[in-house]
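Asker: When you get a sec, could you give me coordinates for this:
(2 chains)
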Number of protein chains: 2
Amino acid sequence: MKDLLDVLTPDQAARKLIENINLTPGLLEEVPLEEALGRIVGEDILSPEDLPGFSRSTMDGYAVQAQDTFGASEGIPGYLTVVGEVLMGEQAATKIGPGQTVKIATGGMLPPGADAVLMLEYTQEISPEMLEIVKGVGPGENTVRRGEDVEEGQVLIKRGSKLRPQDLGALSGLGITQVKVFPRPKVAVISTGDELVPPQANPGPGQIRDINSPAIGAQVKEEGGIPLYLGIVKDDYNSLKEKIQAALGQADLVVISGGSSVGTRDVTLDVIEELGNPGVLVHGVAVRPGKPTILGSVGGKAVFGLPGHPVSAMIIFDIFVSPVIRRLTGLLEDLRGHGRRVVWAKLSRNMASAAGREDHLRVALVEKEGEIWAEPILGKSGLITTMVKAHGTVKIPAVKEGLLAGELVEVILF
Amino acid sequence: MKDLLDVLTPDQAARKLIENINLTPGLLEEVPLEEALGRIVGEDILSPEDLPGFSRSTMDGYAVQAQDTFGASEGIPGYLTVVGEVLMGEQAATKIGPGQTVKIATGGMLPPGADAVLMLEYTQEISPEMLEIVKGVGPGENTVRRGEDVEEGQVLIKRGSKLRPQDLGALSGLGITQVKVFPRPKVAVISTGDELVPPQANPGPGQIRDINSPAIGAQVKEEGGIPLYLGIVKDDYNSLKEKIQAALGQADLVVISGGSSVGTRDVTLDVIEELGNPGVLVHGVAVRPGKPTILGSVGGKAVFGLPGHPVSAMIIFDIFVSPVIRRLTGLLEDLRGHGRRVVWAKLSRNMASAAGREDHLRVALVEKEGEIWAEPILGKSGLITTMVKAHGTVKIPAVKEGLLAGELVEVILF
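Answerer: The predicted structure is shown next:
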C-alpha cells in the first residue's frame, strides 16, 4: 500500500485532471422558457427593446407637470384642472399642458406632457374639473421611465448564467420565449463487480444489488448532468474495455465505480492506461474516504475510477466529478455559484486525522438546548446507511491533525 | 394609507395564515426510483431484509478465525493452512476450521467458520497450502456482518424525508424500486391587470407583457410545487371571482399577483372576502417591499394577493407562499431542511430602515481585494432587472433601524 507521501493531495490531483481534459461545453440548444429554469445561458442575451416600452406611473394619483406642483402644501394648496383619465392598458391620449392634470392608476401610461405623478392621498377633487393639491413632486417622481428597467441593446443576462425565476420573468417581459442554452453534459455511469446484480434482481448467495449506479446517477442529475446508466460489467479486462469504449462514444465523461479489490482495481487501471491518450493521470489520493481513486483522461474526456464502497464513491464524486460536470455545463464560476447549503454547528467529539490527508466526516445534526451540534457518524465506508443517517459532511483539511469537541464547523448539507 | 403600527409584522401575518389553512398533504402516489430524486417520502420505509444479506470482507486478504492469528508478528509469524478461495459473487462453500484459511477479495462472502479477514499485506504464501502471517486480527475486523448496514424491519427512511442520492442508493441495495411519496402541491398562478398581455403577444400602447406569472411559476417549481398557469384576468370583480373559484377547484393554493393600484387591490380584497370561509385574514404587512400584501383563506386553502410590482411579488412569495408550499409537500421540517444557500459578505454602504418594518434588500456580490462585498441595488420594486442583477437578499429585521457600511451580513442567494 502506498504511503501518504507518495499520493497527491485532492487539489493537486484535481489540477492534474483539469489540465488534461477538454472542458468546452457542447453545441447550444434552444429551449422554450417554461423548460429553461436552472439551465445555463449559452450566449449573452441582449434586450430587443426598451422595458417598459413607455413611461408608467408607479402610484395611484394624478399625472402632472412637476413644476406646477412646486410649493403646494396643506397651508397653501395648489389647484390644477382635471382634463381626463388614463385608462389601464390603453394609450394615454390626452396631452396635458401647464396647470393641467389627468387621473392615473399604478401601471398606467404617463400621458404626453406629464413628467411626474402626485399620489392620490395628497389630492382632493373640489369638482370634476378642479383638483386641490397639498404637496409638490419632483420631475420623474412616482414614475418609471421608458427603458428604465432595461434599454434596447443592453446585456440582460450574461452567457454562463443559471436561469432563475427572476430571469425568466425579465425574459417574458421582453417577449423572449425561447433561449439558447448549453447542453447538459452526458455522464456514463458504470458499476463493476462480479458480485453485483441490478436493484430489481434477487441476489443469489454471495451477490449484492448495485447501490452505486443509482446513487451516482442521482448525483449527476443534481449537478445538472444527464446520467447514462450503462449497467453492471464483470471484472474482466475485455468486458470493461468494451464498456468504457462504448461509454466514450456517447458520453462527455465516464464514471466507473467498484473495483475496490486490488485485482479489479488493476483491471480498471489497465484498461484506462491502454486506451491511453494519455490514460491514467492519478492513482491514489490523500483523502479519506476514497484513497484508491483513479483519475484518467482518454481523448480529452475524463474517466473516473471511483472506489467500490458506496460512501467513498459518493464523496469522491463530490470532490472530483462534480466540478468537472459543472464546468461542462458552461456555468460561469462567479460569485453567483459561490454558495452551498451549509449549517454551522459545534462538533460533538474530538476527531483525529492524519496530517497530510484530507478527511471528510459524515455528520448528523442534532439540536441540544437551542444549539446545533454535528455528530460524526463513524461507520465503515461500505455502509450506505451511514450516508442516509448523515445530514452532510465536514472537511478536515490536510494541514490539520483533527478537530476538537465543541469546535465550530461548517457542515455542507447534502 | 395605513400606518406601520396598524399592520402586522411578517411573523404575525404568517401565523394568522397558518392557523386558518389546511396544511395536510394530499394522497400518496407511487413513483419509480428513477423519478424519485427530490420527492418527499410519504410513509416510513422499513428495510425488507438485512443489508448486506451475508457477512462480507472489506479488504483483500484471507478469511480466518481471529483467535488463530493472535500474537502473530514479524518476529514470531504464525502459519495457517489454505483450504480454498472465495470467488466473487458466489457462495463461500468451503467451511474453515481451526488453523485453516481461505483467500478472499473485497466484497467476497465470508465463509462459514471465519470471523475476520487478515489483510493481504500481512501474509505470504509459503506454498499453495501454507500461509505465513505476521499480524493478528480481532474478531469482526475487516468484515461487514450480515445486517450491519441495516437490519430487516428497521426504519430506513423516515416519512417526510426528501430523497437524496444516497437514499436512492440504499433503497436500490434493498431491492426497493418503487416508493410512495407525497404529491407535489398544485399552485394556481394568476396575474391581474387590464394592461397585461401574455409574453408571446406584442403589447399595444399602454400595455405590457406579464412578468409575474413566469417568475412566480418558477418559484413554485423551486419549492417542489406544480404551477398551474391560469393566465391573465381583467381587473373586474366577476372575472376575478370566476377565475379564483376555478383555481380553488383544481389547486391546493392560489397566488394572484397584480392589483397594485388601490382600485384593483380592492377588487381582489372584495372577491376573497365574499368567497369567505373565512376570507381575508391579513391586509397589509410591515415589510418592504410588499406592504400591500393580502393573505386569505377560502375553505382551508390559502389565497395570496401579491403586489403587482415584480420585485415585491417575488419577495413576498419567498416570505409567505414558499413556507406554505413546503408544508404541503409533506417535508419534515427538521434540521435537514435548515440550510439555505448563503454567503457572508460585508455591506458596501449604510442602509436605513424604519423601525417596526422588516426590510429585504436586493444585493449584488462583488469581490474586492479578496473580500466579498454586498452592494445594495437601489432600484424601484417595479424593475425586474434589479432582481436579475441581484445575487440574493439581505434582511433587516424590524427591530433594527438599519445596517452600517462594513457590517457583516448574511446574503440568502437566489
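Asker: mind listing what residue A:384 touches?
Answerer: A:211, A:215, A:310, A:311, B:51, B:149, B:166, B:169, B:170, B:173 (C-beta atoms under 8 Å, 6 or more residues apart in numbering or on different chains). In short, each C-beta sits where N, CA and C put it, glycine included.
Asker: Now do the closest residue to residue A:382 other than its chain neighbours: how many residues are near it, please.
Answerer: Computed as C-beta to C-beta, 6 or more residues apart in numbering or on different chains, the closest residue to residue A:382 that is not its neighbour in sequence is residue A:309, at 4.5 Å. A total of 27 residues lie near residue A:309 under the criterion other C-beta atoms under 10 Å in any protein chain shown.
Asker: Among the contacts of residue A:384, which are located in helices?
Answerer: A:215, A:310, A:311, B:166, B:169, B:170, B:173 (DSSP state H).
Asker: what's the farthest-apart pair in those?
Answerer: Farthest-apart pair in the ones in helices among the contacts of residue A:384 is A:311 and B:173; separation 12.3 Å (C-beta to C-beta).
Asker: Can you name every helix or strand that the lengthiest strand in chain A contacts?
Answerer: The longest strand of chain A (DSSP state E) is strand A:358-368. On a contact count with 3 or more C-beta pairs under 8 Å, 6 or more residues apart in numbering or on different chains; DSSP states H and E, strand A:358-368 meets strand A:287-288, strand A:342-347, strand A:371-376, helix A:385-389, strand A:392-396, strand A:408-413.
Asker: Residues contacting whichever helix or strand comes after the shortest one, please?
Answerer: Note on strand A:287-288: by DSSP states H and E, the next helix or strand toward the C-terminus is strand A:294-298. Counting contacts by C-beta under 8 Å, 6+ apart, the residues outside strand A:294-298 that touch it are A:13, A:16-17, A:20-21, A:244, A:248, A:254, A:265, A:268-269, A:272-273, A:275-283, A:285, A:302-305, A:320.
Asker: Are any of these buried, and if so which?
Answerer: Among the contacts of strand A:294-298, the ones that count as buried by 16 or more other C-beta atoms under 10 Å in any protein chain shown are A:13, A:17, A:20-21, A:244, A:248, A:254, A:265, A:268-269, A:272, A:275, A:279-283, A:285, A:302-305, A:320.
Asker: give me the element residue A:270 is part of.
Answerer: Residue-wise, residue A:270 maps onto helix A:262-275 under DSSP H and E.
Asker: now the angle between strand A:294-298 and that helix, please.
Answerer: Here helix A:262-275 runs at an angle of 20 degrees relative to strand A:294-298 (axes from the mean of the first three to the mean of the last three C-alpha atoms, to 10 degrees).
Asker: by contact count, what packs against helix A:262-275?
Answerer: Using 3+ C-beta pairs under 8 Å, 6+ apart, helix A:262-275 is in contact with strand A:186-192, helix A:237-250, strand A:278-283, strand A:294-298, strand A:301-306.
Asker: Now do stretch A:119-135: distance to the chain's middle.
Answerer: Relative to its chain's centre, stretch A:119-135 lies at 51 Å (C-alpha atoms, centre = their mean, to the nearest Å).
Asker: can you tell if that stretch touches chain B?
Answerer: Yes. Using C-beta under 8 Å from any C-beta of the partner chain, stretch A:119-135 comes into contact with chain B via A:120, A:121.
Asker: what do you get for stretch A:138-150?
Answerer: Yes. Stretch A:138-150 is in contact with chain B by C-beta under 8 Å from any C-beta, via A:144, A:148, A:149, A:150.
Asker: mean confidence score for that stretch?
Answerer: On average, the pLDDT along stretch A:138-150 is 95.
Asker: Can you give me the buried ones in that stretch?
Answerer: A:141, A:142, A:143, A:144, A:146, A:147, A:148, A:149, A:150.
Asker: nearest to residue B:326, of those residues?
Answerer: Each of the buried residues of stretch A:138-150 was scored against residue B:326 by C-beta to C-beta, and residue A:149 proved nearest at 30.7 Å.
Asker: quick one, what contacts the closest one?
Answerer: Per C-beta under 8 Å, 6+ apart, neighbours of residue A:149: A:51, A:52, A:170, A:173, B:382, B:383, B:384, B:385.
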